[in-house]
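Undergrad: Okay, sequence plus prediction incoming.
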Amino acid sequence: MPDPRFKVLTSASTSGPGDAGRTGSWRVERPVLDYSRCIPAKTGKSACHLCWLYCPDNVVSKAIEPQIDLEYCKGCGICAEECPAQAIEMVSEENFVAGGENE
Amino acid sequence: MSEKLIDSGNNAAAMAVQLAAAEVIAAYPITPQTPLTEKLSELIAAGEMDAEYVAVESEHSALGVCIGAASAGVRAFTATSSNGLLYMSEQLHWAAGARLPMVMCVVNRGIGAPWSVWNDHQDAMSQRDAGWIQLFAKDHQEIVDITLKAFRLAELVHIPVMVNYDGYYLSHTYMPFELPDAAAVKEFLPAYEYAHALDPQKPESLNTVTLPDSRNDTNGVKQPGYMDIRHNLHQEMRLAMDVLEEIDADYQQRFGRGGAPILDPYCCEDAEYIVVAMGTIANQFRDVVDRLRQEDGLKVGVLALQVYRPFPTAKIAETLQSAKGVMVYEKGLSYGNQGALYADLKSALYPYPARPQLHNFIVGLGGRDIRTEDLCQTLKTACQQDDLSAPEQTDAPQWIGLQL
Ligand code: SF4
Ligand code: SF4
């Protein structure tokens, strides 16, 4: 039996949203999905999902209409780079701040 | 059956590691450690020890292999000396920070440049802040006993343990010692079961970039940040001293030897002047103490420090606080300041109002002969030095046996 006074392990992580902390706060550009271009959304079939596969923070859902968890999306742009249908656009966060360009 | 032997300190260490049933040995040869690892590889090649000997190209890799083995839940051992230990330095911090139990013998030797193959303690001293528990042996029997206790300590507290013994003074000299019975050792040191051994079915990253702040992991469980992890290492290392005492008591009951796992005093009870030292020089001082008591009627004693990290602050201060004088003899220093042990001791005694007068002696660097006569003379002079010179003068280290 390990002695509870002594830690067995210091730092371990399993991949998943939030494992590196509130990574959403790092984001400078936000991925915005256009479902009219996205392959599964267009065909209604579970297909492609390269964004889900490549996202290093596991924050894209493997859904017919993929969802991005912005709490933890760090804005790296890998999903946009990998998307074969150019369905993801990286948009500056400025645009989402009250009083931003598009507001 | 226990066995009485006359052999070298390095072979004593190797036989203790064999008894401890270490499963992975990774080491790179360096004088004066070499015969220890040669003996282990011989034992494995002859089928007398069921372990994997990983031949590596450097000390850095040797400790890397042990870190991997310990992470997989395997009992690991390595050994080195001098610059070999320094080459491991990065991995030393890693093994401690990752809280991996393992044991390393450091056969103490001076550090280059210039090259020296002879003994002093600068190698161990230079790694005192790495987060390892550092134990010091004074003779062959202690090498055996401390090594066995070290494995159990490391595995109970999840902090790696360094067993230090003096190069040549112990590594290459022959002394009688007793090897405990193998079956009894097995009961004392049961097979190592790591509660978090690597498991391919459960992939995870270990000790990746850890944030300044604590965080919730993917299961929503709060995980410590870097500073919390480091705080725990410090706190639990302090606590490890109690565990070492428990282990020593158990060892004494089983094997009949022990009772002084942290401080080993000789003639200290009524002593007005106490020498503090680590390793073989503490044993050499027993002759000096006998002589000064007989010939000069001086009430002197010697306190061997068996554990340098964690530093037994309270215990040592309690033992020394009522002495008139405390003389620290050490084989290493913090360059540009003073002896590292001296500074630690001074800080431990600071809170005690009746603290003794302190003296610092640097001795035996790079194997410079330590003459008992010199120890007698310097100790006697220090005991009789009543009218004290300026504080900064008494505080400066005195070098013994210089040939400038
Ligand atoms: S990679 Fe592009 S097309 Fe494929 S699922 Fe993701 S957004 Fe849709
Ligand atoms: S930008 Fe895309 S790939 Fe990068 S974290 Fe956000 S969702 Fe994942």
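TA: Nice, thanks for sending it over. Residues are numbered from 1 along each chain as shown, chains lettered A, B, ... in the order given. Ligands and ions are numbered 1, 2, ... in the order given.
Undergrad: Low-confidence ranges, chain A, go.
TA: Scanning chain A for pLDDT under 70 picks out A:1, A:99-103.
Undergrad: Flag every residue of it that's near ligand 1.
TA: Within chain A, the residues that sit near ligand 1 (C-beta under 6 Å from any ligand atom) are A:33, A:38-40, A:48-51, A:66, A:83, A:85, A:87-88. Every residue, glycine included, has its C-beta placed from N, CA and C.
Undergrad: one more time with 5 Å
TA: Counting by C-beta under 5 Å from any ligand atom, the residues of chain A close to ligand 1 are A:38, A:39, A:48, A:49, A:50, A:51, A:83, A:85, A:87.
Undergrad: By neighbours, which of these wins?
TA: Ranked by neighbour count (other C-beta atoms under 10 Å in any protein chain shown), the residues of chain A next to ligand 1 have residue A:51 at the top, with 25 neighbours.
Undergrad: Pull up the gap between that one and residue B:82, please.
TA: Note on residue A:51: its distance to residue B:82, by C-beta to C-beta, to the nearest Å, is 54 Å.
Undergrad: Tell me the secondary structure of residue B:175, please.
TA: What DSSP: H, G, I helix; E, B strand; the rest coil gives for residue B:175 is strand.
Undergrad: Sorry, wrong one. I was asking about residue B:254.
TA: Put simply, residue B:254 is helix when judged by three-state DSSP.
Undergrad: What is the burial count for it?
TA: 15.
Undergrad: the helices in the chain, which residues?
TA: The chain I'm using is chain A. In chain A, the helices defined using DSSP state H lie at A:39-43, A:50-54, A:78-82.
Undergrad: wrong one, chain B
TA: B:9-19, B:34-45, B:59-71, B:82-87, B:89-97, B:122-126, B:140-157, B:182-188, B:226-255, B:280-296, B:313-320, B:340-349, B:372-384, B:391-395.
Undergrad: Show me which residues of the longest one are buried.
TA: Going back to what we said before, that points to helix B:226-255. Across helix B:226-255, burial judged by 16 or more other C-beta atoms under 10 Å in any protein chain shown covers B:226, B:228-230, B:233, B:236-237, B:239-241, B:243-244, B:247-248, B:251, B:255.
Undergrad: Nearest residue to whatever residue of chain A ends up closest to chain B in space, please, no chain neighbours.
TA: Evaluated by C-beta to the nearest C-beta, chain A has residue A:16 as its residue closest to chain B, separated by 3.2 Å. Spatial nearest neighbour of residue A:16, excluding adjacent residues (C-beta to C-beta, 6 or more residues apart in numbering or on different chains): residue B:218 at 3.2 Å.
Undergrad: show me the contacts for that neighbour.
TA: Contact partners of residue B:218, counting by C-beta atoms under 8 Å, 6 or more residues apart in numbering or on different chains, are A:13, A:14, A:15, A:16, A:17, A:18, A:19.
Undergrad: Now a PyMOL select for only the buried ones of the residues you listed.
TA: Command for PyMOL that selects the buried part of these, burial taken from 16+ other C-beta under 10 Å:
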select buried, chain A and resi 13+17+18+19
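Undergrad: Which one of the contacts of residue B:218 is nearest to residue B:373?
TA: Proximity of these to residue B:373 (C-beta to C-beta) peaks at residue A:13, which lies at 60.7 Å.
Undergrad: Which single residue in the stretch 1-150 of chain B comes nearest to chain A?
TA: Closest point on the stretch 1-150 of chain B to chain A, by C-beta to the nearest C-beta, is residue B:99, at 5.2 Å.
Undergrad: Need the pLDDT of that residue.
TA: Listed pLDDT for residue B:99 reads 96.
Undergrad: Can you report how many residues lie near it?
TA: 25.
Undergrad: Show me what residue B:7 is bridged to.
TA: residue B:175 (DSSP bridges).
Undergrad: could you check the distance from it over to residue B:146?
TA: Residue B:7 is 16 Å from residue B:146, where distance means C-beta to C-beta.
Undergrad: Between these two, point out the one with more neighbours.
TA: Neighbour count, other C-beta under 10 Å: between residue B:7 and residue B:146, residue B:146 has more, with 29 against 17.
Undergrad: how much space between the more buried one and residue B:36?
TA: Residue B:146 sits 14 Å away from residue B:36 when distances are taken as C-beta to C-beta.
Undergrad: What of residue A:69?
TA: For residue A:69, the distance to residue B:36 - C-beta to C-beta - is 55 Å.
Undergrad: These two: which is more packed in?
TA: It is residue B:36, of residue A:69 and residue B:36, that has more neighbours when counted by other C-beta under 10 Å, with 29 against 16.
Undergrad: how far away is the closest residue to that one other than its chain neighbours from residue B:112?
TA: In space, and not counting its chain neighbours, residue B:36 is closest to residue B:10: 4.0 Å by C-beta to C-beta, 6+ apart. Relative to residue B:112, residue B:10 is positioned 21 Å away (C-beta to C-beta).
Undergrad: Over to residue B:304?
TA: Shown here: residue B:304 relative to residue B:112, a distance of 28 Å by C-beta to C-beta.
Undergrad: Looking at these two, which is more packed in?
TA: Taking neighbours as other C-beta under 10 Å, residue B:304 and residue B:112 compare with residue B:304 leading, 25 against 12.
Undergrad: mean confidence for stretch B:296-313?
TA: So the average pLDDT for stretch B:296-313 ends up being 98.
Undergrad: I meant stretch B:102-115, not that one.
TA: So the average pLDDT for stretch B:102-115 ends up being 98.
Undergrad: Where does the prediction get shaky in chain B?
TA: For chain B (pLDDT under 70), the answer is B:386-388.
Undergrad: List the residues that contact the residue nearest the centre of it.
TA: Nearest to the mean C-alpha position of chain B, by C-alpha atoms, centre = their mean, lies residue B:135 at 2.4 Å. Neighbouring residues of residue B:135 by C-beta under 8 Å, 6+ apart: B:146, B:150, B:161, B:162, B:163, B:164, B:306, B:307, B:308.
Undergrad: From residue A:20, how far off is it?
TA: 38 Å.
Undergrad: swap in residue B:45?
TA: 46 Å.
Undergrad: how about a markdown table for the helices of chain A, with distance to residue B:397 added?
TA: Listed next are those as a markdown table, based on distance: least, C-beta to C-beta, whole Å:
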| stretch | distance to residue B:397 |
| --- | --- |
| helix A:39-43 | 75 |
| helix A:50-54 | 61 |
| helix A:78-82 | 59 |
